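Participant: Return atomic coordinates for the entry below.
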Amino acid sequence: MSEREVGLEEALDDLERIVAKLEEGKLSLEESLVLFEKGTMLVRLCQGKLEKAQKRIESLTGELPSDLG
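Facilitator: Residues are numbered from 1 along each chain as shown. Prediction:
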């Protein structure tokens, strides 16, 4: 990943592309491992962004949205 901030939508798009490549099954083991590692980092990034958004909602409303809590 680069130093610039990656947005949630961009990270999800990258994750979808990685999953599609892995599902094709045409990559070497090494290529698959590299993509799996990148995908794992993207999942963590997305989880962090979603947690931040949830905390902002909580701080603004004083409660969790009904579909999250």
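Participant: Quick check: the gap between the residue lying farthest from the centre of the chain and F36.
Facilitator: The C-alpha centroid of the chain is most remote from G62, which lies 26.3 Å away (C-alpha atoms, centre = their mean). Taking C-beta to C-beta, to the nearest Å as the measure, G62 falls 40 Å from F36. Where you see a C-beta, it was placed from the backbone N, CA and C, and this is true even at glycine.
Participant: In this structure, what helix or strand scores lowest on average pLDDT?
Facilitator: Lowest mean confidence among the helices and strands of the chain (mean pLDDT, DSSP states H and E): helix 29-61, at a mean of 94.
Participant: Only the buried residues of that one, if you could.
Facilitator: Across helix 29-61, burial judged by 16 or more other C-beta atoms under 10 Å covers 35, 39, 42, 45-46, 49.
Participant: One more: stretch 16-32?
Facilitator: I18.
Participant: Helix, strand or coil: sort out R4 for me.
Facilitator: For R4, the assignment made with DSSP: H, G, I helix; E, B strand; the rest coil gives coil.
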